[in-house]
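*Asks:* got a sequence here, can you build the structure:
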Amino acid sequence: MINFSAEDCLVLVVDDVGKNLQLAVEILDSAGYATSFASSVKQAIERVKTANPDLILLDLMMPDMGGIELCRRLKTDNLYAHIPIIFVTDSKEKEDILNAFNSGAVDYVNKPFHSWELLARVKIHLELKKTQEELKNINSQLEKLVRTDSLTGVNNRREILYLGEKEFQRCRRYHRYFSVLFIDIDHFKHINDTFGHILGNKTLITVAGAIKTCLRQVDSFGRFGGEEFVAILPETNLEDAATTAQRICQVINKLNIELAQQKVPVTASIGVATFSPQDNNLEEVIERADHAMLAAKNQGRNRVIVGKTV
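*Replies:* Numbering: from 1, shown residues only. Model prediction:
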């Protein structure tokens, strides 16, 4: 059920005849709509830019550019294409009506119009607009849920692999390079077993946030699974990637995680690998970083190991 309120909607009325303008504005005002008006195409464009109306009532037979051309102009501009336009016309010609719809209008009202009809059409299209906006917002939220790890809020495994694949294909096509960091929290099972899953979850959330502070906007980062995280670093060679990994290691080591006065010492082991033209797929790069991370575990943890180059 759409929660519709006329008071929240601004309607722009465009007509070169003063009496028509006054009548339409009075009808809309009486129903509680906020209104703005324009008596020329130039003025209408200015009003649209400054007021960003929710709906436009547009006279079909405007001088100069004409209502049809104004409608087409607005509908080809991504900033204003979403605004529904209802034509008001005294023309009964089929060609004029078809041109109105072909230009992007959602409806039309014949002059002289009844106030109830005008208000009904305005309300219908404002409700449709609101519904579309809400559906778009819901779809955006669903899309985010599909891409995001529900606990930490960073990208999930599916999304980080997708972003990594895009980077892999870009580097193969343009003969560029990127690096991968494979990050694993040390002794995470011990943290869960000793302090409980609530503190374990808090550790994952805190570590994910700490890693993000060490990365650039162009980098992609996500939870790979369990206590494992992966970062994709575009245009980053092995040496620079290792420097970033060392910084992450140090930041994690300094974290102060506690719950109910229980403090958890946290460290991470990080493996680093860089894309090579000999790599057949993204998995080969990630696998080298994973092997380097395991080597870091075997050498005492809380350190960075650079993987072998191909």
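*Asks:* who's in contact with stretch 30-49?
*Replies:* 5-7, 9-16, 18, 21, 25, 28-29, 51, 53, 56, 58, 62-66, 69-70, 73-74, 80, 83, 115, 119, 122 (C-beta atoms under 8 Å, 6 or more residues apart in numbering). (C-beta placed from N, C-alpha, C; glycine too.)
*Asks:* again, only this time at 7 Å
*Replies:* 6-7, 9-16, 21, 25, 28-29, 51, 53, 62, 64-65, 70, 74, 80, 119 (C-beta atoms under 7 Å, 6 or more residues apart in numbering).
*Asks:* and what of stretch 193-202?
*Replies:* 151, 188, 191-192, 257, 259, 262, 264.
*Asks:* for this structure, longest helix please?
*Replies:* Using DSSP state H to define each element, the chain has its longest helix at helix 115-147.
*Asks:* show me where pLDDT drops low in the stretch 201-310 of the chain?
*Replies:* 310 (pLDDT under 70).
*Asks:* returning to that earlier point: which parts of the longest helix of the chain are buried?
*Replies:* For helix 115-147, a neighbour-count test (16 or more other C-beta atoms under 10 Å) marks 118-119, 121-123, 125-126, 129-130, 147 as buried.
*Asks:* helices of the stretch 1-150 of the chain, start to end?
*Replies:* Listed in chain order, the helices of the stretch 1-150 of the chain (DSSP state H, counting those that start in this stretch) span 18-30, 41-51, 66-75, 94-102, 115-147.
*Asks:* packing partners for the last one?
*Replies:* Helices and strands touching helix 115-147, by 3 or more C-beta pairs under 7 Å, 6 or more residues apart in numbering; DSSP states H and E, are helix 18-30, strand 55-59, strand 85-89, strand 107-110.
*Asks:* ok, the fourth one next?
*Replies:* Applying 3+ C-beta pairs under 7 Å, 6+ apart, one finds that helix 94-102 makes contact with no other helix or strand.
*Asks:* how far is the helix or strand containing Arg170 from where the chain is centred?
*Replies:* In this structure, Arg170 is located in helix 157-174 according to DSSP states H and E. Mean-position distance between helix 157-174 and its chain equals 19 Å (C-alpha atoms, centre = their mean, to the nearest Å).
*Asks:* ok, Pro277 to Lys129 distance?
*Replies:* 51 Å (C-beta to C-beta, to the nearest Å).
*Asks:* let me fix that: Gly153
*Replies:* From Gly153 to Lys129 the distance is 31 Å (C-beta to C-beta).
*Asks:* for the closest residue to Arg223 other than its chain neighbours, what are its contacts?
*Replies:* The shortest distance from Arg223 to any non-neighbouring residue, by C-beta to C-beta, 6 or more residues apart in numbering, is to Asp149 (4.3 Å). Asp149 sits next to 155-156, 222-223 when contact means C-beta under 7 Å, 6+ apart.
*Asks:* list phi and psi for Asp149.
*Replies:* Backbone geometry at Asp149, expressed as degrees, to the nearest 10, gives phi -70, psi 120.
*Asks:* name the nearest residue to Ala208, sequence neighbours excluded.
*Replies:* Thr152 (4.0 Å).
*Asks:* could you tell me the least trusted of the helices of the stretch 1-150 of the chain?
*Replies:* Lowest mean pLDDT within the helices of the stretch 1-150 of the chain: helix 94-102, at a mean of 86.
*Asks:* give me the buried positions along it.
*Replies:* 96-97, 99-100.
*Asks:* residues in contact with Leu70?
*Replies:* 41, 44, 58, 62 are the contacts of Leu70 under C-beta under 7 Å, 6+ apart.
*Asks:* so how far is Gln43 from the last one?
*Replies:* Spelled out, it's Met62. From Met62 to Gln43 the distance is 11 Å (C-beta to C-beta).
*Asks:* between the two, who's got more neighbours?
*Replies:* Met62 (22 against 13; other C-beta atoms under 10 Å).
*Asks:* rewinding a little: reformat the helices of the stretch 1-150 of the chain as CSV; add distance to Asn201.
*Replies:* Shown next, in CSV, are the helices of the stretch 1-150 of the chain (distance: least, C-beta to C-beta, whole Å):
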stretch, distance to Asn201
helix 18-30, 53
helix 41-51, 47
helix 66-75, 49
helix 94-102, 55
helix 115-147, 18
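*Asks:* do you know which of those lies nearest Val285?
*Replies:* helix 115-147 (21.1 Å; C-beta to C-beta).
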